[in-house]
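# I would like to see how this sequence folds:
(one chain, ligands or ions: 1)
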Amino acid sequence: MTAPAELKVKHCSRCGVEIVWARNERGRWMPLDRVAAANGRYDLQFSGGPSARFLPFDDASALRRRGGMTFDNHFKTCTKRGQKK
Ligand SMILES: [Zn+2]
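Predicted coordinates:
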């Protein structure tokens, strides 16, 4: 499963995988993996612009059980994180 098409898909400038950008609770933009993760901790919402909400572990599990999708922070999953562009 992947994030809905409303989101603009970009490619990570370091590793090249597809990512989407959303605002976190503090209003900061962050990259998320476009492909939903089986153990993701972010809920993506689209009303009023893409936003990412960090979920407690149990809430993320509950969301998936209801058929929702959870996503990972790409800063965490990037295979080339920390490398210079
Ligand atoms: Zn990357």
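# what about the residue nearest the centre of the chain, distance to the ion?
Centroid-nearest residue in the chain, with C-alpha atoms, centre = their mean: Leu32, separated by 2.8 Å. Separation of Leu32 from the ion (C-beta to the ion, to the nearest Å): 11 Å. C-betas here are computed from N, CA, C, even on glycine.
# Same check on His74?
As judged by C-beta to the ion, His74 and the ion stand 6 Å apart.
# who's in contact with that residue?
Contacts for His74 (C-beta atoms under 8 Å, 6 or more residues apart in numbering) come out as 12, 17, 19, 30-33.
# moving C-terminal of the longest helix along the chain, what's the next helix or strand?
Counting residues, the longest helix found in the chain (DSSP state H) is helix 57-65. Using DSSP states H and E, the next helix or strand after helix 57-65 towards the C-terminus is helix 74-77.
# buried residues in that next one?
74, 77 (16 or more other C-beta atoms under 10 Å).
# how much space between Trp21 and Leu32?
The spacing between Trp21 and Leu32, counted by C-beta to C-beta, to the nearest Å, is 8 Å.
# ok, what's across the strand from the residue nearest to the centre of the chain?
Per DSSP bridges, the residues bridged to Leu32 are Val20, Asn73.
# Get me the contact residues on the protein for the ion.
12, 14-15, 78 (C-beta under 5 Å from the ion).
# Out of those, flag the one nearest to Ala37.
Ala37 has its nearest neighbour among the residues of the chain next to the ion in Cys78, at 13.3 Å by C-beta to C-beta.
# where in this structure is pLDDT low?
1-6, 83-85 (pLDDT under 70).
# give the contact list for Phe57.
Applying C-beta under 8 Å, 6+ apart, the residues contacting Phe57 are Arg41.
# about what we covered before: the residue nearest to the centre of the chain against Val20, yeah?
Yes: contact criterion C-beta atoms under 8 Å: Leu32 and Val20 qualify, at 5.5 Å.
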